[in-house]
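Novice: structure for this input, please:
(one chain, ligands or ions: 1)
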Amino acid sequence: MTRIRSRTRPGGRSRTTPLPAPRPDWAYFFDIDGTLVDFADSPAGVRLDGDLGPLIERLYGAADGAVALISGRAIADIDALFPGLRLPAAGQHGIERRDAAGRVSRHAFPSQLMDQAYARLTAAVARHPGLLLEHKGLSLALHYRRAPRLAGLAHRLMHSLQTRMGSHFCLQTGKRVVEMKPAGKDKGVAVREFMQEPPFQGRTPVFVGDDMTDEYGFAAVNRLDGYSVKVGPGRTAANWRVADVEAVLAWLDTVHL
Ligand SMILES: [Mg+2]
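Specialist: Model (predicted):
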């Protein structure tokens, strides 16, 4: 069973208590990398724990379909990770979203600008082996997890690109990655959109994530008096904390059916 940090309650009091077991009448939002699966050298290199698919499927059944994956990955990439499951999902940090009925919506923006940015970055990245540039369709990710010493360079490259691209675009930093995406959507917006629709509507939301982009999700569920759960160390707006991916899976395994 996972333990959590002190939870600060309204009025400044705090308590330490275990995260309650997952309930079938909650609405679940999960980040993927660093939350449900461990990091690998590249996004394509992750390996799923054999128990994960069945665990998520069981929760999906128990919660009447109120389970969504909220990831920086593109939805197509999410589906490839979970073959046979087509869960409600928000991809690319909320830029694209598939609702519970399977309808996909994408945030409109001038996509040719993203292609121009990609071309520019490709030239720069070619000079620095160790950087990995990923065009996710509606966003660009520059990973430096294979070469952490290139962090400063990666951030400078993306910052100068974003300055050039203007306010339609924003940067999202994460664990050894810096991304550029259209402004206006984030994981918190995705949670709020899901929560206005069945089968999520009216339930208590739970958001589980590990990275800076997940803070938007934590803030959204905090406002809805839900459960925000941070995986691993680091400053966070989440009210609960679990140690690692393994602890998340162990917690999910305790769902009361
Ligand atoms: Mg993550």
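Novice: do you have the helices of the stretch 151-257 of the chain handy? List them.
Specialist: Ranges of helices within the stretch 151-257 of the chain are 151-165, 187-195, 215-223, 245-252, based on DSSP state H, counting those that start in this stretch.
Novice: okay, strands next: where are they in this protein?
Specialist: 6-8, 14-16, 26-30, 67-70, 89-91, 96-98, 104-106, 132-135, 140-143, 169-174, 177-182, 204-209, 227-231, 240-242 (DSSP state E).
Novice: for the ion, what's its nearest residue on this structure.
Specialist: The ion sits closest to Gly34 of the chain, with a gap of 3.7 Å, by Cβ to the ion. Every residue, glycine included, has its C-beta placed from N, CA and C.
Novice: who's in contact with Ser111?
Specialist: Leu138 (Cβ atoms under 8 Å, 6 or more residues apart in numbering).
Novice: how far away is it from Gly232?
Specialist: 34 Å (Cβ to Cβ, to the nearest Å).
Novice: equivalent analysis for Ala123, please.
Specialist: 35 Å.
Novice: comparing these two, which residue is more hemmed in?
Specialist: Gly232 (18 against 8; other Cβ atoms under 10 Å).
Novice: surely the more buried one and Asp210 touch.
Specialist: Yes: between Gly232 and Asp210 there is a contact at 5.3 Å, judged by Cβ atoms under 8 Å.
Novice: which neighbours do those two share?
Specialist: In contact with both Gly232 and Asp210: Gly34, using Cβ under 8 Å, 6+ apart.
Novice: on that earlier part again, so for Ile75, which of the helices of the stretch 151-257 of the chain sits nearest?
Specialist: helix 187-195 (11.4 Å; Cβ to Cβ).
Novice: residues of the protein that sit close to the ion?
Specialist: 31, 33-34, 210-211 (Cβ under 5 Å from the ion).
Novice: give me that answer again for 8 Å
Specialist: Listed as neighbours of the ion in the chain under the rule Cβ under 8 Å from the ion: 31-35, 71-72, 174-175, 209-211, 213-214, 231.
Novice: tell me the one among these nearest to Ala44.
Specialist: Asp33 (11.4 Å).
Novice: okay, now the closest one: neighbour count?
Specialist: 22.
Novice: ok, Thr213 - contacts?
Specialist: 31, 72, 93, 172, 174, 186-187.
Novice: over to Pro20?
Specialist: Tyr227.
Novice: any figure for the gap between the closest residue to Leu171 other than its chain neighbours and Asp253?
Specialist: Spatial nearest neighbour of Leu171, excluding adjacent residues (Cβ to Cβ, 6 or more residues apart in numbering): Gln162 at 5.2 Å. Distance, Gln162 to Asp253, using Cβ to Cβ: 41 Å.
Novice: count of neighbours near Leu150?
Specialist: Leu150, neighbours per other Cβ under 10 Å, totals 19.
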